[in-house]
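Peer 1: Attaching a predicted model along with its sequence, questions to come.
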Amino acid sequence: MIEVDGVEKTYGRATALAPTSIRFEAGTTTSIIGPSGCGKSTLLRIIAGLIPADRGKVIYDGEVLSTDNVNGLRLRTGFVLQDGGLFPHLTAQRNVTLVAEVIGRGTDASRRERVKELAALVRLPEARLVNHPRDLSGGERQRVSMMRALFLDPSWVLLDEPLGALDPITRRGLQTELRSIFARLNKTVILVTHDMGEAAYLGDRVLLMRAGRVVQEGTARELAEQPAEPFVSEFLRAQRSPLEEDAA
Ligand SMILES: Nc1ncnc2c1ncn2[C@@H]1O[C@H](COP(=O)(O)OP(=O)(O)OP(=O)(O)O)[C@@H](O)[C@H]1O
């Protein structure tokens with residue numbers, strides 16, 4: 001479980017994150033959604049220990065995140081970023097195994113076995129792994145990024161707009177696969193997305209933010225049927241359907 005307790009962040013006079021407390025239960029997936037600039041990435045980065053909060057604490061399975069344990073906790077956390085965040089000068093395979101090699105986890109043979117297993121899990125043909133990131137499609141890069149995130153069998157997986165840069169068909173395919181991976185691996189997953197359909201499909205629970213605070217958390221159905229404030233309904237309605245007449 002990850003707990004965020006009274007976490008707050010300001011930049012100058014601007015509040016990026018008002019005091020926020022949330023629990024992310026073990027084995028569940030939470031989607032964080034909201035308009036641009038509402039503080040989604042700030043919240044995720046504070047949870048990841050990538051930026052410090054001004055106040056409050058983040059607690060991983062009872063352990064308060066601090067400068068002393070951040071590196072250890074990072075090894076137990078998988079990250080997936082929008083563009084994959086892969087090292088351009090390394091092959092896909094080395095991107096996947098690099099951290100394990102550096103920290104001396106496993107042998108060459110066991111790492112090769114793990115790569116095989118993860119390639120099957122994310123449905124990436126192993127032959128693609130000899131390529132550098134520039135020679136992979138966006139969807140393939142995200143599969144590699146997912147393999148890298150899962151390599152050390154992390155307890156927690158944090159994803160910041162992992163599918164944001166993909167075309168709708170690739171995105172939909174990867175949504176289906178991510179959901180099945182999350183269900184199979186039973187990890188604690190926190191995912192930032194701009195897409196309400198994706199948030200509802202992948203998340204057991206959706207956390208809707210606006211202007212640095214959490215407006216409502218619940219299932220997509222709860223948000224739709226019992227909106228905490230008019231903004232919730234407005235946000236849910238804001239995604240245009242393809243057959244909608246162009247009223248503007
Ligand atoms: N390093 C920084 N310095 C100053 N202001 C920042 C910094 N990082 C974020 N902010 C501000 O904090 C607020 C929240 O930013 P954040 O990136 O968390 O939003 P977001 O919801 O992830 O947005 P987006 O969906 O566009 O990525 C914004 O107003 C942003 O301009």
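Peer 2: Yep, it's here. Residues are numbered from 1 along each chain as shown.
Peer 1: does Glu126 really touch Val115, like I thought?
Peer 2: Yes - counting by Cβ atoms under 8 Å, Glu126 does reach Val115; the two are 7.5 Å apart. C-beta: built from backbone N, CA, C; applies to glycine.
Peer 1: Those two: which has the busier surroundings?
Peer 2: Val115 (20 against 14; other Cβ atoms under 10 Å).
Peer 1: any idea which helix or strand carries the more buried one?
Peer 2: Using DSSP states H and E, Val115 falls within helix 108-121.
Peer 1: Please identify the buried residues of that helix?
Peer 2: Neighbour-count burial for helix 108-121 flags Arg111, Arg114, Val115, Leu118, Ala119, Leu121 (criterion: 16 or more other Cβ atoms under 10 Å).
Peer 1: mind showing which ranges of this protein have poor pLDDT?
Peer 2: 245-248 (pLDDT under 70).
Peer 1: of all the residues in it, which ones are close to the ligand?
Peer 2: Tyr11, Ala14, Ala16, Gly34, Ser36, Gly37, Cys38, Gly39, Lys40, Ser41, Thr42 (Cβ under 6 Å from any ligand atom).
Peer 1: Which pair of those spans the longest distance?
Peer 2: Spanning the widest gap among the residues of the chain next to the ligand are Tyr11 and Gly34, at 17.4 Å by Cβ to Cβ.
Peer 1: tell me what the one helix or strand Ala199 maps to is packed against?
Peer 2: In this assignment (DSSP H and E), Ala199 forms part of helix 196-202. The helices and strands touching helix 196-202, judged by 3 or more Cβ pairs under 8 Å, 6 or more residues apart in numbering; DSSP states H and E, are strand 29-33, helix 168-185, helix 220-225.
Peer 1: and the residue nearest the centre of the chain, bridged to which residues?
Peer 2: Residue closest to the mean C-alpha point of the chain, counted by Cα atoms, centre = their mean, is Leu159 at 1.3 Å. Beta-bridge pairing of Leu159 under DSSP bridges involves Val80, Leu191.
Peer 1: Test my guess that it contacts Thr188.
Peer 2: No - using Cβ under 8 Å, Leu159 is not in contact with Thr188, being 11.9 Å away.
Peer 1: what number of residues lie near Pro88?
Peer 2: Around Pro88 there are 8 residues (other Cβ under 10 Å).
Peer 1: Mind checking what secondary structure it has?
Peer 2: Secondary structure assignment for Pro88 (DSSP: H, G, I helix; E, B strand; the rest coil): coil.
Peer 1: Roughly how far does the closest residue to Ala26 other than its chain neighbours sit from the ligand?
Peer 2: Leaving aside its sequence neighbours, Ala26 sits nearest to Met1 (Cβ to Cβ, 6 or more residues apart in numbering; 4.8 Å). Separation of Met1 from the ligand (Cβ to the nearest ligand atom, to the nearest Å) stands at 23 Å.
Peer 1: Check His132 too.
Peer 2: Distance, His132 to the ligand, using Cβ to the nearest ligand atom: 27 Å.
Peer 1: out of everything not next to it in sequence, what's closest to that residue?
Peer 2: Closest residue in space to His132, ignoring its immediate chain neighbours: Thr91 at 5.8 Å, by Cβ to Cβ, 6+ apart.
Peer 1: same thing with Tyr201?
Peer 2: Once flanking residues are discounted, Tyr201 sits nearest to Gln175: 5.7 Å by Cβ to Cβ, 6+ apart.
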